[in-house]
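1. Give me a model of this one.
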Amino acid sequence: MYHYHCNQFLIDHKNLLSATILNMLRESLQQFSIIVSHDTLFWFAALSGSGMLVIQFALNFLGITDSEGAGHGIDFDAREVKWLSKQALTGFLMMFGWIGLCL
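-> Residues are numbered from 1 along each chain as shown. Prediction:
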């Protein structure tokens, strides 16, 4: 009988804890959605651009990049310059989002 009450006590507290955590997450998501709902496009651009910047910085810092870099020589052909690169897209999204939120 004692074993049953202990198990029931643990199950009740586990359910209460999970319900409390779910309520906290639900409230946090509601508050975040209220903040973000006004400028969804700008928030998406700012956060995705900033996230890509952090990822690119970390990969570059660790030496895991697919670009040759500036240290391999100065001679290059202008036709080889990529105008729509990962860095250009990242910079555009990040600045478009943050400046849009500031205005």
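2. Tell me where the chain has helices.
-> 2-37, 40-62, 86-102 (DSSP state H).
3. Pop the domain breakdown of this structure in here.
-> 1-37, 39-103 (automatic domain parsing).
4. Least confident of these, on average?
-> Lowest mean pLDDT within those: domain 1-37, at a mean of 69.
5. that older thread, could the helices of the chain be laid out in CSV, adding mean neighbour count?
-> C-beta: built from backbone N, CA, C; applies to glycine. Listed next are those as CSV, based on neighbours: other C-beta atoms under 10 Å:
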stretch, mean neighbour count
helix 2-37, 10
helix 40-62, 14
helix 86-102, 15
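6. Check the gap between Leu29 and Trp98 for me.
-> Separation of Leu29 from Trp98 (C-beta to C-beta, to the nearest Å): 23 Å.
7. do Gly49 as well
-> Gly49 is 8 Å from Trp98, by C-beta to C-beta.
8. Over to Met24?
-> 29 Å.
9. same deal with Phe92?
-> Distance, Phe92 to Trp98, by C-beta to C-beta: 11 Å.
10. Also Thr20?
-> Thr20 is 35 Å from Trp98, by C-beta to C-beta.
11. Same check on Lys86?
-> On the measure of C-beta to C-beta, Lys86 and Trp98 end up 18 Å apart.
12. Next: Ile21.
-> Where Trp98 is concerned, Ile21 sits at a distance of 32 Å (C-beta to C-beta).
13. And for Ser85?
-> Ser85 is 20 Å from Trp98, by C-beta to C-beta.
14. wait, Ser48 sits on Leu89?
-> No: under the contact definition of C-beta atoms under 8 Å, Ser48 does not touch Leu89, with a separation of 9.9 Å.
15. Mind listing the shared neighbours of those two?
-> The contact sets of Ser48 and Leu89 do not overlap (C-beta atoms under 8 Å, 6 or more residues apart in numbering).
16. Dump stretch 88-103 to PDB, keeping only the CA atoms.
-> The C-alpha trace of stretch 88-103 is given here as PDB (Å, rounded to 0.1, in the frame of the first residue of the first chain):
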ATOM      1  CA  ALA A  88      25.900  39.400 -49.300                       C
ATOM      2  CA  LEU A  89      22.600  37.600 -48.600                       C
ATOM      3  CA  THR A  90      23.400  37.500 -44.900                       C
ATOM      4  CA  GLY A  91      24.300  41.200 -44.700                       C
ATOM      5  CA  PHE A  92      21.300  42.200 -46.600                       C
ATOM      6  CA  LEU A  93      18.800  40.200 -44.500                       C
ATOM      7  CA  MET A  94      20.400  41.300 -41.300                       C
ATOM      8  CA  MET A  95      20.600  45.000 -42.100                       C
ATOM      9  CA  PHE A  96      17.200  45.000 -43.800                       C
ATOM     10  CA  GLY A  97      15.600  43.500 -40.600                       C
ATOM     11  CA  TRP A  98      17.300  45.500 -38.000                       C
ATOM     12  CA  ILE A  99      17.000  48.900 -39.800                       C
ATOM     13  CA  GLY A 100      13.300  48.000 -40.600                       C
ATOM     14  CA  LEU A 101      12.700  47.400 -36.900                       C
ATOM     15  CA  CYS A 102      14.400  50.700 -35.900                       C
ATOM     16  CA  LEU A 103      12.300  52.800 -38.300                       C
END
